[in-house]
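Q: build me a model:
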Amino acid sequence: MAKFRLVIIFGLFFLFSLDALSETSKPLWKELKPQQQRILEPLTESWGAMESARKKKWLGIAKRYPKMNLLEQQRIQSQMQSWNSLSSEQRKQARERYKKLEQLPVQKREEIKQRWYEYEQLPERRT
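A: Predicted coordinates for the structure are as follows:
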């Protein structure tokens, strides 16, 4: 009887594990609408390895994308290309830095944003 319970418990665990694994891969790239695929095209290669939460984030951006002005659309495309060019380790580090930044007091975050804006405005250095 105890062996039977153990088999049932492991069976249920296995089923839930498979279900959880399949959820992380949803939706598949081929399940996206053609318009979503066009908008999210820079993420094609990394889409399969992406967590479900990240996919939902990008799908939300794709939904808002047609209402964005051209400059915003270009910025989003550039961000997707930049993100896609990072290694998985670099992405992990970027997420960790973002989490740390979000934990800072609002005034400190604004100061950092301002310094970043000023840095971006500097002319390119030519060597």
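
Q: please work out the average pLDDT along stretch 108-125.
A: For stretch 108-125, mean pLDDT is 85.

Q: what's that stretch in contact with?
A: 101, 102, 104 (Cβ atoms under 8 Å, 6 or more residues apart in numbering). Where you see a C-beta, it was placed from the backbone N, CA and C, and this is true even at glycine.

Q: could you pull out the buried residues of it?
A: For stretch 108-125, the buried set under the neighbour-count rule, 16 or more other Cβ atoms under 10 Å, is empty.

Q: roughly how far is that stretch from the heart of the chain?
A: 24 Å (Cα atoms, centre = their mean, to the nearest Å).

Q: any idea how far the residue most central in space within the chain is from residue 104?
A: Residue closest to the mean C-alpha point of the chain, counted by Cα atoms, centre = their mean, is residue 54 at 3.7 Å. Distance, residue 54 to residue 104, by Cβ to Cβ, to the nearest Å: 23 Å.

Q: could you measure from residue 31 over to residue 121?
A: Applying Cβ to Cβ to residue 31 and residue 121 gives a distance of 42 Å.

Q: now swap in residue 74 and tell me
A: On the measure of Cβ to Cβ, residue 74 and residue 121 end up 18 Å apart.

Q: so which elements touch the host helix or strand of residue 73?
A: When elements are assigned from DSSP states H and E, residue 73 belongs to helix 70-85. Judged by 3 or more Cβ pairs under 8 Å, 6 or more residues apart in numbering; DSSP states H and E, helix 70-85 is in contact with no other helix or strand.

Q: which other residues reach that helix?
A: 40, 42, 43, 45, 46, 58, 61, 65, 68, 91.

Q: helix or strand next in line after it, which one?
A: As assigned by DSSP H and E, the chain's next helix or strand after helix 70-85 is helix 88-103.

Q: that concludes my questions; thank you for your assistance.
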